[in-house]
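S.K.: Have a look at this prediction, sequence included:
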2 protein chains.
Amino acid sequence: MERKPDFSWQDSPVFVGNLAETLGPWLKGQSYSQVLVLTDTHTHVHCLPRLQNLLPYPFHTIQITAGEQHKNLETCTLIWQQMLLHKLDRKSLLINLGGGVIGDMGGFCAATWKRGIDFIQVPTTLLSMTDAAIGGKTGIDFQGIKNTIGVFQAPAAVFADPAFLHTLSDRELKSGLAEVLKHGFIGDPKLLDSFANLHPAALRTLPWNQLLTQSIAVKVRVVTEDPKEKGLRMLLNYGHSIGHAIESYFLGTDSPLTHGEAIAIGMICETPPPHQTRVAQILEPFFPKITIRKEAMPTLWQLMLQDKKNSSGAVRLAIPDELPYTMQVLSITEQDLSEMLLQYTNASY
Amino acid sequence: MERKPDFSWQDSPVFVGNLAETLGPWLKGQSYSQVLVLTDTHTHVHCLPRLQNLLPYPFHTIQITAGEQHKNLETCTLIWQQMLLHKLDRKSLLINLGGGVIGDMGGFCAATWKRGIDFIQVPTTLLSMTDAAIGGKTGIDFQGIKNTIGVFQAPAAVFADPAFLHTLSDRELKSGLAEVLKHGFIGDPKLLDSFANLHPAALRTLPWNQLLTQSIAVKVRVVTEDPKEKGLRMLLNYGHSIGHAIESYFLGTDSPLTHGEAIAIGMICETPPPHQTRVAQILEPFFPKITIRKEAMPTLWQLMLQDKKNSSGAVRLAIPDELPYTMQVLSITEQDLSEMLLQYTNASY
C-alpha cells in the first residue's frame, strides 16, 4: 500500500519516515525502464545498504568522490558518461542518495539528460533533508562560484528518512541544524522551543521525525507560494547572502566552515539589533563565534556581488523585519557589510 | 509601436519579418539590465551589423567558432566564463544570433545560468528559422551524440528575418529547405506547391516571408499541442530517426552531410512504398541520391539505439501512415533498417 505523502509540492510528493514504508511502496507503483543510483564515497558505504533492497528493478550505481569541491562540470561529465554507458533512456529514474552536493548535482544531470529524466531525492544529511532536497533547485558550482549553473526542476519525489542522521558526524548534524533553526526563525517559532536551552550533546536524542516534518513544512509552504524565487522565497535566503560569501571565503583557507556554520554567522549579521540578541542566543550554543578578520572584507564584498540574486552591481539583502514572517529587502554598501561583520565579531550576547 | 507577433507559443511570441520592425520595437518594451549577443565567426561578420543598431542597451558580444563540432561542453564553458566576466544577472538577456548550433547552445547556457535567464532566438539560417528556433529545445552534443544534454525552455521571443537568407550558401539554404518540405509533408500540402517542378537555382527567388510563415505555422501547431514530446511531436521527427544516424555517421567521414541532406534521405527511407515515390520526387531535385554502403549499417544501427526517443533498446520510428497528418510508431530491427537503406539506395523514382 502506497503511503500518503506528508507534503506535496508542485507534482512532487515529500515523505518523512522509514524508507521501507515510503520509498519501497512508491517505487512499486512506478514503471521506470531503469534505475540508476548516484552515491558518493560516503553514502555508497553507509547509506546504500538501507536503500538497495527496496529497489524492485535491476539497478546500477554511479559513485563520485564526496565533497563540495567536486560539485562541478568535471563531475557532471563523469555522471553523464555513466548515463551514456548504461544507455539511460527518457523513462529511466535517477536516485540521488546523499547530501546537498549529490542532490543538486544529480538533479542537474538528470534534468539535462536528454532534456530531462525523472529523479528522486533521498537526502542523507539533515541539511539536505530539510532544505536542499525540497524546492526544485538543482545546480553546480562554476569557477568557484556556488550554484552558478543549474535549473529549477522539481524531483519526482523526496524521501527524508531520519535514520540516515546516524551516519553523520556531530559537525554535519549541526550544519543542518542551522537550516532547521532558520525555518523556526522565519516561519515556525514553536520549532525553536525544542532547541532553547538544549545542550548540544543532546541533539541526537531529539524526536527528529517530528522536527523534520515541522521544518520541511516551512520550506514547502514558502516554495509553494514562490516556486521560481520571485519574491517570498527571499525569506529562505535569511542568513545566506552574507553566509554564502563567508562559506566561499573560508573554503579557500585551512579551516573551511560547514554551510550551517557559515549561515549561522550570516543570520546573526543580517538581523537588526532588536532581534539580534534572541537569534544569537539560540544559535551560539551550537555555533560558537568565529572571528572575521578585517582583511577579509573586500573579498567578502566581491563574493556577494557575484550572488545570483543581485542585479546590476547592487547587493540586496533580505533583512528580517519582524520574526517570523516578514522581511524587507535592503541594498547595502561595502561599508555596511563591514559594520555588520564587525558588530557580529565584537558583540557578546 | 510593438507589432503583433505572427505566432505565439507558450509565452513565446514568434515574429517573421524585418528585424527593424519586429525586434527593435519589442526590445524597447522590455527592461533588461544587460544584453549579451552570442555570435559565431560567421554571424559576427555577416549578421551582427543588421542587429546591433536595434539594441537600445549597451551590449557585449560573445563570439564562438562556427560549426556543429563546437556544440559541446567545452564551448558552453567558454560562454559561461564570459557570462561570469560580464556579471550577467538574472535580469539579463542573451540574444542568440546564428543557426541551430548558436540557438541550441546559447539557449542551454541561458536556461542554466543562475537557474535561468531570458534568451531570444534570432535565427540566421533557414534551418533554424523554420525549425530549431521554435519549440523550446535547447542542448548540446555529448561524446559525439547529438543533443544528449539539454533542457526544454521556451525563448522569451523568436525573430525570423528572411533577409539573413542572403548570408547563406546554396548548400546551407537547401539544408533548411529539407525541414520546410518536411513541414509541408506532415502538415501543409499547399506549402509543397511552391517547390514542385522548381529548378533548384530558383530557390532564392521564392517569396520567403510567406513560405517561412507557412512553415513555422506547422511547427508551432505541433509544439503547442505537445510541448514536451509526449506524442504528437513525433510527427516532427519524420525523417530524423534514420536521418540523425546518417548525419552522425557522415560527420566522421571526409564528406559530411548537412542536416537537411541527411534528413532528406531519412524521410525517403522512413516512408512506406505507397507514398515514397511522391516524397522522393519532391526531394530529389534538391537532394541528389547518396549511396549508403553496406558496411555502414551496423554503425548506423548503433547510432539509432542511442537516439533519446528510444526506450529499452528498441528502435522506434514514426512512419507516415497517410501524409499529411498521421503517423504510426513502429519498432524496427537492424535487418529492417538495412532493407530500408538498401531500398533507398537502389530505387529510382
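M.R.: Received it, and whenever you're ready, just let me know what you need.

S.K.: measure residue A:161 to chain B for me?
M.R.: Distance of residue A:161 to chain B, given as C-beta to the nearest C-beta, to the nearest Å: 27 Å. From N, CA and C alone the C-beta is placed, and that goes for glycine too.

S.K.: And the nearest residue to that residue once chain neighbours are set aside, what's its pLDDT?
M.R.: Spatial nearest neighbour of residue A:161, excluding adjacent residues (C-beta to C-beta, 6 or more residues apart in numbering or on different chains): residue A:19 at 4.7 Å. Predicted confidence (pLDDT) for residue A:19: 97.

S.K.: ok, residue A:19 - contacts?
M.R.: Residue A:19 sits next to A:50, A:51, A:54, A:122, A:159, A:161, A:163 when contact means C-beta atoms under 8 Å, 6 or more residues apart in numbering or on different chains.

S.K.: What residues does the residue in the stretch 1-150 of chain A that chain B sits nearest to make contact with?
M.R.: Using C-beta to the nearest C-beta, the closest approach of the stretch 1-150 of chain A to chain B is made by residue A:114 at 3.8 Å. Going by C-beta under 8 Å, 6+ apart, residue A:114 touches A:88, A:89, A:90, B:147, B:148, B:150, B:308.

S.K.: can you give me the mean pLDDT across stretch A:83-101?
M.R.: The average pLDDT within stretch A:83-101 is 95.

S.K.: Stretch A:198-209 too?
M.R.: The model assigns stretch A:198-209 a mean pLDDT of 94.

S.K.: follow-up on the earlier one: out of the contacts of residue A:19, give me the one that has the most neighbours.
M.R.: residue A:122 (32 neighbours; other C-beta atoms under 10 Å in any protein chain shown).

S.K.: and that one, what is it in contact with?
M.R.: Residue A:122 neighbours (C-beta under 8 Å, 6+ apart): A:19, A:23, A:47, A:51, A:95, A:96, A:97, A:98, A:158, A:159, A:161.

S.K.: Ramachandran angles for the first one?
M.R.: In other words, residue A:19. Residue A:19 adopts backbone torsions of phi -50, psi -40, taken as degrees, to the nearest 10.

S.K.: same question, the fifth one
M.R.: The phi and psi torsions at residue A:95 (degrees, to the nearest 10) take the values phi -100, psi 120.

S.K.: and it, how far is that from residue A:103?
M.R.: For residue A:95, the distance to residue A:103 (C-beta to C-beta, to the nearest Å) stands at 10 Å.

S.K.: ok, now the first one?
M.R.: From residue A:19 across to residue A:103, the span is 15 Å (C-beta to C-beta).

S.K.: Residue A:147: what's its closest spatial neighbour, skipping adjacent residues?
M.R.: residue A:139 (4.3 Å).

S.K.: Now do the same contact list for the one you found.
M.R.: Listed by C-beta under 8 Å, 6+ apart, the contact partners of residue A:139 are A:104, A:105, A:107, A:108, A:147, A:148, A:149, A:150, A:151, B:112, B:115.

S.K.: ok, which stretches of chain A are helices?
M.R.: Assigned helices in chain A, in chain order: A:19-28, A:41-46, A:48-52, A:73-85, A:100-112, A:126-127, A:170-187, A:189-193, A:208-225, A:240-251, A:259-269, A:273-283, A:297-305, A:334-346 (criterion: DSSP state H).

S.K.: Widest-spaced pair of the contacts of residue A:139?
M.R.: Largest separation among the contacts of residue A:139 by C-beta to C-beta: A:107 and A:148, giving 15.2 Å.

S.K.: which of these two has more neighbours?
M.R.: Counted by other C-beta under 10 Å, residue A:107 and residue A:148 do not tie: residue A:107 has more neighbours, with 29 against 21.

S.K.: residues contacting the residue nearest to the spatial centre of chain A?
M.R.: Closest to where the C-alpha atoms of chain A average out (C-alpha atoms, centre = their mean) is residue A:132, at 3.1 Å. Applying C-beta under 8 Å, 6+ apart to residue A:132 gives the contacts A:99, A:100, A:103, A:104, A:121, A:123.

S.K.: I'd assumed residue A:126 was in contact with the second one.
M.R.: So that's residue A:100. No: Residue A:100 sits out of contact with residue A:126 when judged by C-beta atoms under 8 Å, with a separation of 10.6 Å.

S.K.: Looking at the two, which is more packed in?
M.R.: Neighbour tally, residue A:100 and residue A:126, criterion other C-beta under 10 Å: the higher count belongs to residue A:126, 29 against 25.

S.K.: Model confidence score at the nearest residue to the more buried one once chain neighbours are set aside, please.
M.R.: With sequence-adjacent residues excluded and distances taken as C-beta to C-beta, 6+ apart, residue A:126 is closest to residue A:176, at 2.5 Å. For residue A:176, the model assigns a pLDDT of 97.

S.K.: Go ahead and confirm residue A:176 touches residue A:123.
M.R.: No: Residue A:176 lies out of contact with residue A:123 (C-beta under 8 Å); the separation is 9.3 Å.

S.K.: Mutual contacts of the two, please.
M.R.: Common neighbours of residue A:176 and residue A:123 (C-beta under 8 Å, 6+ apart) are residue A:129.

S.K.: what's the most distant pair in the contacts of residue A:19?
M.R.: Between any two of the contacts of residue A:19, the greatest separation by C-beta to C-beta is 12.7 Å, found for A:54 and A:163.

S.K.: Near chain B, which residues of chain A? Just list them.
M.R.: A:33-34, A:73, A:77, A:80-81, A:84, A:87, A:89-91, A:108, A:111-116, A:137-139, A:142-143, A:145, A:147-152, A:229, A:305-306, A:308-313 (C-beta under 8 Å from any C-beta of the partner chain).
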